[in-house]
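In: Predicted coordinates and the sequence they were generated for:
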Protein chains: 2
Amino acid sequence: MPDSKFTIVHTDSQTQARIGKLRTAHGVINTPIFMPVGTRGTVKTCSPHDLVQIGAEIILGNTYHLYLRPGHRVVEQAGGLHKFTAWKKPMLTDSGGFQVFSLGPLRTIAEEGVEFRSEIDGSKHFISPERSIEIQNALGADIIMIFDECPPLPSDYSYLKQSMEMTLRWAERCKKAHRNRNQQLFGIVQGGMEKSLRKISVERTAEIGFPGYAIGGLSVGEEKPLMYETLAYTAPLLPKDSPHYLMGVGTPEDLVYGVSCGVDMFDCVMPTRNARNGSLFTTLGTIKMRNAKYKTDFTPLDPNCICHTCQNFTRAYLRHLHLENEILAHRLLTLHNLHFYLSLMRGIRRAIGEGTFSRLMADIGALVQLGQDQEKKETASGNTITEGRDSRNLASKLSQDTSNRKRRRERI
Amino acid sequence: MPDSKFTIVHTDSQTQARIGKLRTAHGVINTPIFMPVGTRGTVKTCSPHDLVQIGAEIILGNTYHLYLRPGHRVVEQAGGLHKFTAWKKPMLTDSGGFQVFSLGPLRTIAEEGVEFRSEIDGSKHFISPERSIEIQNALGADIIMIFDECPPLPSDYSYLKQSMEMTLRWAERCKKAHRNRNQQLFGIVQGGMEKSLRKISVERTAEIGFPGYAIGGLSVGEEKPLMYETLAYTAPLLPKDSPHYLMGVGTPEDLVYGVSCGVDMFDCVMPTRNARNGSLFTTLGTIKMRNAKYKTDFTPLDPNCICHTCQNFTRAYLRHLHLENEILAHRLLTLHNLHFYLSLMRGIRRAIGEGTFSRLMADIGALVQLGQDQEKKETASGNTITEGRDSRNLASKLSQDTSNRKRRRERI
């Protein structure tokens, strides 16, 4: 099994949650972590400077999109995705599997790989496990993923089994094809909602051996209780000492639940996409920006939030910009939603460190607030990555949590 | 005649160009100046923070658009346009005249005012001179404009004369209706390309008396030599001690020419709109971002530029973002184009102060470079508004100008 670059700093006594540090070629990330999605070489609307300002530690790039445009050879010629996009911190690329399989009638799956037509110009392409790794090697992200099949829902047991077994064979081929020692190749566990298949998938993927393991094929349309059940079953089976990555999930509640099951890494387009659609996460609940009641509401989007958007602009102004489809709206609202997610993860890490995670699990607002307190503390001390067990300010934090909850009740 | 808040610091010996300072309720602006256009309460893609970073001193808002959405009463309730948009520096609103007259068949002009249908929902509206001032008083910009008629091209002499005379009567009505002493109301000179009408318009507008005078009705489709001829005739007729504002103009060359005629203030959507269309102003000439030759061009957009975009990103990346229609492209390219315009004006101010303006007039690139040298100097000294006669670094500047011109020749 390859050397792990992952260190678990502390494990929660009442859940599977843990805080850890993952070393990559572009720095250390603190887990549990949320990774903003930068599909086409940019987290939509955000510059690298913006992302650093809100505390992003690692972002995603999409192999499928970057392969089609501008092309992985262009990115390689630029010196890799970091140089191309001017993002200097860690980066992860998916394998293109999920996107390719989402093409439906435009693609044909075979043991060798997947043939598909570009949605841009109809041109024919072929991606195999080897080809995916070759592209990801050229892109040069710190963490790369095996090429897997993400089976559609509903799929019957036999299809799920065959697909999961092909993904295992593809995992071996990816590992064999992978050359760049600066990039950590993660395995992906499949098996639909079938526990027996998930178990086999975990065991055999772990036998192949990867420095990290992802759970794929969740949040693809199944009912939430079934997703939670499968997650709660699968995550604890993963090799304990390796980072666990839940792909494409999810809501703030999903993140908290995932952490409680032992998940360390998450990515999702929800905070960025919802922002552009005018749906905002706040400590007071979700806000739909176009609601007429905000027309003359000159208070901040989230009165408890310390992000640039909430510190400088009112709901009335943001609503106006959103209704006019102004680019500034998309950026300011994206920054807020991402800041909310990153604060949530920061709060989760602190709560785990302080032993309050299981108590605070049901209170997203309190966790976000805790994350922001931590952010203020780190900003004041000029330190952006001190995390861990720290109960010095617990009393004041708890009193603030109480007053926040009170405020929340008053507003909803 | 009202007290002028305008001080001329220095007048060029060889042209009509001058540098000055205009005091407003939200601070002093240095002229000649370019004012980025913030039609709907935002300079498209830019936050106030962005604008301050690139050195914008004053921005525009459009009365017509803000009246329709979100409505001037909403803005007034917010505490005015400054509070609503979080822009703390000076601001100017146009009167809505130009937009209303551009509606063509959707509007009816009468002595009393203009009736028009909203392009948004077809609702009926009426704007008179008094109504325009009422709206602008509610918006609360530092400089506001009289409600004028901007006659279409071509118009015959008799229409131009009638229209110009109506604008004079409207100017008087505006002055009478204006109540807020914190806002400076500027007059607007019309008269098409007819010199005799321009002369009468200037004289009678000056008789009414305003703290500043604008030249309207230029750059509305006429040939450039005719525009320049009318400008060169009209601008020197304006009261010398007042600020002169050339509305809706123009290219970098137009700005330099306007300054040489004695214009102090400019606004135009060109830098912002062109940026969104992928057309960039650089010291090496105009760049069309979608050109295939930039696909693997990993050099900055403008190697001589010190803006955030040029300091951090390559042509290849910006081209990729632009082709993908990514919001980040629009913002980064807008910031560059605006920085180019603001550097040009900074360079013009410095050249006037140093007595080199007439010699450098033909060399936009050299003026931009001079503006950037000044920006670096001010950033280094922590001072953002020191302008004036300063020939200490003339020798080093001149040698740099030469080397820039040389570089430019090599690249084009």
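Out: Nice, I can see it.
In: For the stretch 1-150 of chain A, list the residues in contact with chain B, please.
Out: Counting by Cβ under 8 Å from any Cβ of the partner chain, the residues of the stretch 1-150 of chain A close to chain B are A:40-42, A:44-49, A:69-70, A:74, A:77-79, A:84-86. In short, each C-beta sits where N, CA and C put it, glycine included.
In: Could you list which of these belong to helices?
Out: A:48-49, A:74, A:77-78, A:84-85 (DSSP state H).
In: farthest-separated two in these?
Out: Using Cβ to Cβ, these span at most 24.2 Å, a distance reached by A:His49 and A:Gln77.
In: neighbour count winner among the two?
Out: A:Gln77 (17 against 11; other Cβ atoms under 10 Å in any protein chain shown).
In: for chain A, which spans come out with low pLDDT?
Out: A:1-4, A:383-412 (pLDDT under 70).
In: Any chance you could spot the residue sitting in the middle of it?
Out: A:Asp267 (1.4 Å; Cα atoms, centre = their mean).
In: Quick check: closest non-adjacent residue to that residue.
Out: Spatial nearest neighbour of A:Asp267, excluding adjacent residues (Cβ to Cβ, 6 or more residues apart in numbering or on different chains): A:Met35 at 4.3 Å.
In: which residues sit in contact with that neighbour?
Out: A:56, A:58-60, A:92, A:265-267 (Cβ atoms under 8 Å, 6 or more residues apart in numbering or on different chains).
In: got the residues of the stretch 251-400 of chain A near chain B?
Out: A:295-296, A:298, A:308, A:312-314, A:316-317, A:319-321, A:323-324, A:326-328, A:330-332.
In: can you do 6 Å?
Out: A:296, A:298, A:312-313, A:317, A:320, A:324, A:326-328, A:330 (Cβ under 6 Å from any Cβ of the partner chain).
In: Buried subset of the residues you listed, written for PyMOL?
Out: A single PyMOL command suffices to select whichever of those are buried according to 16 or more other Cβ atoms under 10 Å in any protein chain shown:
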select buried, chain A and resi 296+298+313+317+320+324+326+327+328+330
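In: farthest pair in the residues of the stretch 251-400 of chain A next to chain B?
Out: Across those (Cβ to Cβ), the longest gap, 23.8 Å, separates A:Thr296 and A:Ile327.
In: how far is stretch A:227-234 from where the chain is centred?
Out: Relative to its chain's centre, stretch A:227-234 lies at 18 Å (Cα atoms, centre = their mean, to the nearest Å).
In: can you pull the buried residues of that stretch?
Out: A:227-228, A:230-231, A:234.
In: which residues are contacting it?
Out: Contact partners of stretch A:227-234, identified using Cβ atoms under 6 Å, 6 or more residues apart in numbering or on different chains, comprise A:193, A:195, A:198, A:215, A:218-219, A:261.
In: isn't A:Tyr64 right up against A:Gly97?
Out: No - applying Cβ atoms under 6 Å as the test, A:Tyr64 and A:Gly97 come out as separate, 8.4 Å apart.
In: Filter the contacts of A:Met35 down to just the ones in strands.
Out: Among the contacts of A:Met35, the members falling in strands (DSSP state E) are A:59-60, A:92, A:265-267.
In: of all these, which comes closest to chain B?
Out: Nearest to chain B among the ones in strands among the contacts of A:Met35 is A:Ile59, at 12.8 Å by Cβ to the nearest Cβ.
In: With only the CA atoms kept, save stretch A:104-116 in CSV.
Out: Output in CSV follows, covering the C-alpha atoms of stretch A:104-116 (Å, rounded to 0.1, in the frame of the first residue of the first chain):
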residue,chain,number,x,y,z
GLY,A,104,-26.3,9.3,-22.2
PRO,A,105,-27.0,8.6,-25.8
LEU,A,106,-23.9,10.4,-26.9
ARG,A,107,-21.6,7.7,-25.5
THR,A,108,-20.8,4.0,-25.7
ILE,A,109,-19.3,2.1,-22.9
ALA,A,110,-17.0,-0.9,-23.4
GLU,A,111,-14.3,-2.7,-21.4
GLU,A,112,-11.6,-0.8,-23.1
GLY,A,113,-13.2,2.6,-22.3
VAL,A,114,-15.8,5.1,-23.4
GLU,A,115,-16.4,6.5,-26.8
PHE,A,116,-18.4,9.8,-26.9
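In: starting at the chain centroid, how far to that stretch?
Out: Distance, centroid of stretch A:104-116 to centroid of chain: 26 Å (Cα atoms, centre = their mean).
In: what comes up buried for it?
Out: A:107, A:113-116.
In: How about the contacts made by whatever residue is furthest in space from the centre of chain A?
Out: Largest separation from the mean C-alpha position in chain A: A:Thr296, at 35.0 Å (Cα atoms, centre = their mean). A:Thr296 makes contact with A:316, B:74, B:77 under the criterion Cβ under 6 Å, 6+ apart.
In: where along the stretch 201-350 of chain A do the helices fall?
Out: A:224-234, A:252-260, A:270-276, A:308-312, A:315-323, A:327-354 (DSSP state H, counting those that start in this stretch).
In: Need the winner for burial among these.
Out: Mean neighbours per residue, mean count of other Cβ atoms under 10 Å in any protein chain shown, is largest over these for helix A:327-354, with a mean of 26.
In: Who are the packing partners of that helix?
Out: In terms of contacts (3 or more Cβ pairs under 6 Å, 6 or more residues apart in numbering or on different chains; DSSP states H and E), helix A:327-354 is packed against strand A:18-24, strand A:33-35, helix A:270-276, helix A:308-312, helix A:315-323, helix A:364-381, helix B:327-354.
In: thinking again about what came up before, which of the residues of the stretch 1-150 of chain A next to chain B are buried?
Out: A:40-42, A:44-48, A:70, A:74, A:77-78, A:84-86.
In: so which two of those residues are the farthest from each other?
Out: Greatest spatial distance in those: A:Thr45 and A:Gln77, 26.5 Å, computed using Cβ to Cβ.
In: Now for A:Tyr317: which residues touch it?
Out: B:Phe84.
In: now with 10 Å?
Out: A:294, A:297-298, A:301, A:328-329, A:332, B:41-42, B:70, B:74-75, B:78, B:83-86 (Cβ atoms under 10 Å, 6 or more residues apart in numbering or on different chains).
In: Likewise for A:Ala177?
Out: A:128-134, A:136-137, A:146-147, A:185.
In: if we go to 6 Å?
Out: A:130, A:133.
In: For the buried residues of stretch A:227-234, give me CSV that also has distance to A:Asn277.
Out: CSV is the format used below for these (distance: Cβ to Cβ, whole Å):
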residue, distance to A:Asn277
A:Met227, 22
A:Tyr228, 25
A:Thr230, 28
A:Leu231, 26
A:Thr234, 31
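In: and the end-to-end length of stretch A:305-318?
Out: 15 Å (Cα to Cα, to the nearest Å).
In: Tell me how far that stretch lies from the chain's centre.
Out: On Cα atoms, centre = their mean, the centre of stretch A:305-318 falls 25 Å from that of its chain.
In: top of the ones in strands among the contacts of A:Met35 by neighbour count?
Out: Highest neighbour count within the ones in strands among the contacts of A:Met35: A:Leu92, with 27 neighbours (other Cβ under 10 Å).
In: Does that one touch A:Gly140 like I think?
Out: No - counting by Cβ under 6 Å, A:Gly140 is not a contact partner of A:Leu92; they are 11.4 Å apart.
In: Which parts of chain A belong to which domain?
Out: A:6-267, A:274-409 (automatic domain parsing).
In: Please state the offset of the shortest one from the chain centre?
Out: A distance of 18 Å separates the centroid of the chain from that of domain A:274-409, by Cα atoms, centre = their mean.
In: Please apply the same query to the first one.
Out: On the basis of Cα atoms, centre = their mean, domain A:6-267 is displaced by 9 Å from the centre of the chain it belongs to.
In: and the end-to-end length of it?
Out: Across domain A:6-267, the terminal residues are separated by 18 Å (Cα to Cα).
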